[in-house]
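In: Need the 3D shape of this:
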Amino acid sequence: MRVVVLHDAVAPGARPDQEDNLTQAREAAACLTALGHRPELASWEGSPRESLERLANLCPGAVFNLVEEPLGRASRIASVPYLLAQRGLSLTGAGGRAMLQSSHKLLAKRLLRRAGLPTPAWRGPDGQGRGPHQGPWLIKSVWEHGSVGIDETSLVPRGGSLDLALAAKQAELGGRVFAEAYVEGREFNLALLAGPEGPRCLPPAEIVFDDFAPAQLKVVGYRAKWEAASFEYHHTPRRFAFEAQDQWLLSEVKRLALACWPLFGLRGWARVDFRVDRLGRPWILEVNANPCLAADAGFMAAASRAGMDQKAVVAAILADANRE
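Out: Numbering: from 1, shown residues only. Predicted coordinates:
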């Protein structure tokens, strides 16, 4: 089958997280070739009409959608699956509604809260939010992915000026931000992969903050993910081996992650990020539709732990695109 691997238009000198999108596309295409398909790389650029016309000329049997920043804007991420579906194209991963509700972090948190799933309290620049909390807070972008903008300046201590910090971070990022109650404790993520019987949980991973100073911010920020020369990049390994006393916690994060699949209408693959507080309670931070599939990313590390290689993951995602 001809499969178009659709990715962002990555300009020279792009940020590492943006360059990674093209890496994912090339690796997915290599897997599709090994599976016997005929992949074609295509970028989403120019007007949506131009991109759709280029796709139509390629006559794909399916579109492997990896677009994260249509026309350079993360806030437009949901437009691509919406438009592909309107054209009747079979596409991998989240549809437009699922992409919108999971990628807009405030929409995601409201949906989680209405469903009775635990997510930390939050506040927006307008002061609106949910849950009692006096700080500390962690400021995040509403739309950006890949921990863009998250560093030491994102943490607002108890008693700090939240309004000033929100305004400063919004000016820095040039887009909407919000404050989330900072959960001091452990960090987990759980990868989900579609299958013929529904989604399966891949082995849970914990991020270890190795040799961090007591006062150092223990979050997986931008440097930890993308800056290979940084301390954080080399001191935030993931682990999959746990003690017996963690079995209840692992079962609980699996249960919560699986509950997110039908709630958001996810397809193909996803990842749910958690913080676990000092009382051992897990809190859902984000629901990531279409997370990074690069060979060195966390999703593939979890798949490898489950005995799957990158080709098997790509095959499962493609199969779900054509499973009705």
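
In: CA atoms for contacts and neighbours, from now on please.
Out: Noted.

In: Going along the chain, name the helices of the stretch 51-200 of the chain.
Out: Using DSSP state H, counting those that start in this stretch, the helices assigned to the stretch 51-200 of the chain run over residues 79-86, 96-103, 105-114, 162-173.

In: closest to residue 136 out of those helices?
Out: helix 162-173 (9.4 Å; Cα to Cα).

In: Can I take it that residue 7 is in a strand?
Out: Yes. If the criterion is DSSP: H, G, I helix; E, B strand; the rest coil, then residue 7 is within a strand.

In: That one reaches residue 22, doesn't it?
Out: Yes. The criterion here is Cα atoms under 8 Å, and residue 7 meets it with residue 22 at 6.6 Å.

In: and these two? which has more neighbours close in?
Out: Comparing residue 7 with residue 22 by other Cα atoms under 10 Å, the one with more neighbours is residue 7, at 24 against 21.

In: Bridged to the more buried one, which residues?
Out: According to DSSP bridges, the partner residues bridging residue 7 are residue 43.

In: can you pull the pLDDT of it?
Out: Model confidence at residue 7, given as pLDDT, is 97.

In: just the one 3 residues further on next, same as before
Out: Here the pLDDT value assigned to residue 10 is 92.

In: again, but for the one 4 residues further on
Out: According to the predicted model, the pLDDT of residue 14 comes to 92.

In: and it, how many residues sit next to it?
Out: Residues within reach of residue 14, counting by other Cα under 10 Å, total 10.

In: Reduced to three states, what does it come out as?
Out: Applying three-state DSSP to residue 14 yields a three-state assignment of coil.

In: Use 527 as the first number for this chain going forward.
Out: Shifting the count to begin at 527 puts that one at residue 540.

In: now, of the helices of the stretch 577-726 of the chain, which is deepest in the fold?
Out: Of all these, helix 622-629 has the most neighbours on average by mean count of other Cα atoms under 10 Å, namely a mean of 22.

In: the strands in this structure, which residues?
Out: Using DSSP state E, the strands of the chain run over 528-534, 564-570, 588-591, 648-649, 655-656, 663-667, 681-682, 703-707, 712-719, 726-727, 731-733, 764-765, 795-802, 808-815.

In: Now the weakest link among the ones you listed, please, by mean pLDDT.
Out: In terms of average pLDDT, strand 655-656 trails the rest of the strands of the chain, at a mean of 66.

In: still on that earlier bit, quick one, which of the helices of the stretch 577-726 of the chain is nearest to residue 787?
Out: Checking the helices of the stretch 577-726 of the chain against residue 787 by Cα to Cα gives helix 622-629 as the closest, at 9.5 Å.
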